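**Q** Here's a sequence, model it:
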Amino acid sequence: MPCTPAIATMSVGRAWVHTLPAKLTQIAAAGFKGVELFYEDLEYLAREHSPSPSAPGAEIHEPALLAAAQTTKQLCDTLDLQIISLQPFLFYEGLVDRAAHAQRLTKLRTWFRLARTLGTDLIQIPSNFLLPATETTGDWDVIVADMREIAELGRQERPVIRFAYENLAWGTYVSTWETLWDVVQRVNRPNFGACLDTFNIAGRVWADPAAVSGRVAGDADGLLRESLARLVRTVDVRKVFYVQVVDAERLAAPLGEGHPFYVEGQPARMSWSRNARLFLYEHEKGGYLPVVEVARAFLNDLKFEGWVSMELFSRSLAEADPAVPREHARRGMRAWELLRAELAL
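**A** Down below sits the predicted model:
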């Protein structure tokens, strides 16, 4: 299957300024063929259309979520958009509190029903970034066992549910593609694979938003080059379920205490990710990551063929201007078209 562009429904924290139908409509109008669906968008839609609206933060019951999923699927069908995944299934693997682990598995049953309603067989799991030792364990046997458990539950579904595990650059224990790939190999189930993300690789190996230079100490270019060469030699492309391509902004000052994006107790890379991502080729806005090099490793060297997502989180998405979804969708498609030309896809 040739590379096909998708775009994530975009969000900033919980500032759901723009409605899901508005975003989907503009995504389709820009020419995208697929969409990563954000779970919180479904929650917002369910709350918005509930006959007895619940307070912000209150739990949304499954029937309302399923109704929102059905509405979303019907709209995507009308727009000729394929829902490629439901994400993010957060804070799952390695939980110290095993009662909380059981609760996440109960929640997963709802996600299975949502996935079937949405017409997707793929759920994305970002690596856990809860507090080390007290909330999440670095015991790899526990992490792998948790992931095998979820994969086996997915294999019992019809159609089978697949899981795309993603290393977040600020993950507590799984922050690199190497640790991600180690878990995928050890889980060793056909429905458990990887989501590779240019930001989470370059933003971990090459960049450091807390540094004056914006880069990690030492030979950042050499470190990234060696990492990508290992990735191409090591990763089985058949276990890569989709990829995400996005840049980020070079900050004017290190992201530390006193910076506008600083949040006490939150990793700098997480604050940076939530506020300052950019689409590829937006150098005039401050984009500076070596995204093309990472994307080339995915798409040319590894020869990945499948969904390529222009995923974005940014403070700009919280702007109330109704033109924001259209503008972001346009920017995302421009990034894809330029990348496709540069890599001769």
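**Q** Show residues contacting stretch 281-292.
**A** The contact list for stretch 281-292 (C-beta atoms under 8 Å, 6 or more residues apart in numbering) reads 198-199, 202-203, 206-207, 214, 221, 224, 245-251, 276, 278-280, 331, 334-335, 338-339, 342-343. (Glycine included, C-beta is placed from N, CA and C.)
**Q** Give me the subset of those residues lying in helices.
**A** Counting by DSSP state H, the part of the contacts of stretch 281-292 found in helices is 198, 199, 202, 203, 221, 224, 331, 334, 335, 338, 339, 342.
**Q** In ChimeraX, how would I select just the buried ones from these?
**A** Typed into ChimeraX, the line below selects the buried ones among the ones in helices among the contacts of stretch 281-292, using 16 or more other C-beta atoms under 10 Å:
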select :198,199,202,203,224,331,334,335,339
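**Q** Let me have the ones in helices among the contacts of stretch 281-292 in CSV, extended by pLDDT and distance to residue 29.
**A** Formatted as CSV, the ones in helices among the contacts of stretch 281-292 follow (pLDDT from 0 to 100; distance: C-beta to C-beta, whole Å):
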residue, pLDDT, distance to residue 29
198, 97, 25
199, 97, 25
202, 98, 30
203, 97, 30
221, 97, 38
224, 98, 36
331, 94, 13
334, 94, 14
335, 95, 16
338, 96, 19
339, 96, 20
342, 96, 24
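**Q** Only the buried residues of stretch 263-275, if you could.
**A** Result for stretch 263-275 [16+ other C-beta under 10 Å]: buried residues 267, 268, 269, 270, 271, 272, 273, 274, 275.
**Q** Residue 60: which of the ones in helices among the contacts of stretch 281-292 is nearest?
**A** Lowest distance from residue 60 to the ones in helices among the contacts of stretch 281-292 (C-beta to C-beta) belongs to residue 199, with 29.2 Å.
**Q** Tell me if I'm right that the closest one and residue 246 touch.
**A** Yes: with contact defined as C-beta atoms under 8 Å, residue 199 reaches residue 246; the gap is 4.9 Å.
**Q** Need the residues touching each of those two.
**A** Taking C-beta under 8 Å, 6+ apart as the contact rule, residue 199 and residue 246 both touch 277, 291, 311.
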